[in-house]
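Student: For reference, the sequence and a predicted model appear below.
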Amino acid sequence: MKHLFPFLILLSAFSCGTKQAEEKQFEVNYYGALKNMTHKGDIAAKANLKDLKKSQNLYALGALENLKGEILILNSKPFISVENNEALSIDNTFEHKATLLVYASVKEWESSNIPENIISYEELENHISQKAKELGIDTEKPFPFLLKGKAKSFDWHVINWKDGDTGHSHEKHINSGLNGTATEQEVEILGFYSNKHHAIFTHHSTNMHLHVKTTDNRISGHVDGLTLGKGMTLELSTVN
């Protein structure tokens, strides 16, 4: 089932000396739910990425059907990471299906420097919420964000679920495929923030779901832990 969360902003425009109001809509959409994987073992396809191939300014993250890899789409370019012969392989096509997918189309981003005292995952989560409120973003509704710069370290995994295994847990998802820790890497991280979607597209202990890609394209996957480096930036979506 597809879920829509409109974020409506009224814009003023002048035409022939007459003030007119135009309504523009920003939406975060999702398919699937983490709780259905964990409690029901439902890892079947819920969305076909090919249906989004023509979408402009698309940003998305999620997991492949049957939990056989991770999805990251940055400005309409896919980075689909899978385990292949015990090595990480990244595909740049839309020829995949998803059991979990969160996405939005974002034309404009507003960038700000992350203060150097913001280092941990938890501090970052609080900072994103505060900064979003400052920009007038409704933090009671889901919204996307980007992190860029050199991360001091991050823990990552690319899921490769064993066929027939019906015993799901967050820990097993992390350890089922490739995983590791990278240090001092230039990264681009896509995240979705929501305090209303625990066990849907964020885990119960966090308001964020993050996927990472190193700028050298050697790693792309789900973020399990993050320590920020100095000079990193936060980009939040805005509607002009």
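Tutor: Received, thanks.
Student: so who does the spatially most central residue of the chain touch?
Tutor: Centroid check for the chain by C-alpha atoms, centre = their mean gives residue 191 as the closest residue, at 3.6 Å. Residue 191 makes contact with 61, 128, 144, 145, 146, 147, 208, 209, 210, 211 under the criterion C-beta atoms under 8 Å, 6 or more residues apart in numbering. The way it works is simple: take the backbone N, C-alpha and C, and place the C-beta from them, glycine included.
Student: Longest helix in this structure, please.
Tutor: Longest helix in the chain, counting residues (DSSP state H): helix 121-134.
Student: quick one: strands adjacent to whichever helix or strand comes after that one?
Tutor: Note on helix 121-134: by DSSP states H and E, the next helix or strand toward the C-terminus is strand 143-158. If you go by DSSP bridges, strand 143-158 pairs up with strand 178-193 (antiparallel), strand 220-227 (antiparallel), strand 233-238 (antiparallel).
Student: As CSV, the ones you listed with distance to residue 121 and mean pLDDT would be great.
Tutor: What follows is these, written out as CSV (distance: least, C-beta to C-beta, whole Å; pLDDT from 0 to 100):
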stretch, distance to residue 121, mean pLDDT
strand 178-193, 11, 98
strand 220-227, 5, 97
strand 233-238, 14, 93
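Student: Deepest-packed of those, please.
Tutor: Of those, the one with the most neighbours on average (mean count of other C-beta atoms under 10 Å) is strand 220-227, at a mean of 21.
Student: who touches that one?
Tutor: Outside strand 220-227, the residues touching it (C-beta under 8 Å, 6+ apart) are 63, 70, 72, 79, 81, 88, 90, 119-121, 124, 151-159, 174, 178-179, 181, 189, 210-214.
Student: The same query, at a cut-off of 6 Å, please.
Tutor: When contacts are defined by C-beta atoms under 6 Å, 6 or more residues apart in numbering, strand 220-227 is touched by residues 70, 72, 79, 81, 90, 121, 152-158, 174, 210-213.
Student: quick revisit: going by neighbour count, which residues of the longest helix of the chain are buried?
Tutor: For helix 121-134, a neighbour-count test (16 or more other C-beta atoms under 10 Å) marks 121, 124, 125, 127, 128, 129, 131, 132 as buried.
Student: for stretch 55-63, same thing?
Tutor: Buried residues in stretch 55-63 (16+ other C-beta under 10 Å): 58, 59, 60, 61, 62, 63.
Student: which residues sit against that stretch?
Tutor: Under C-beta under 6 Å, 6+ apart, the answer for stretch 55-63 is 52, 71-73, 76, 98-107, 144, 190, 211.
Student: let's see 7 Å
Tutor: 52, 70-76, 98-107, 144, 159, 190, 192, 209, 211 (C-beta atoms under 7 Å, 6 or more residues apart in numbering).
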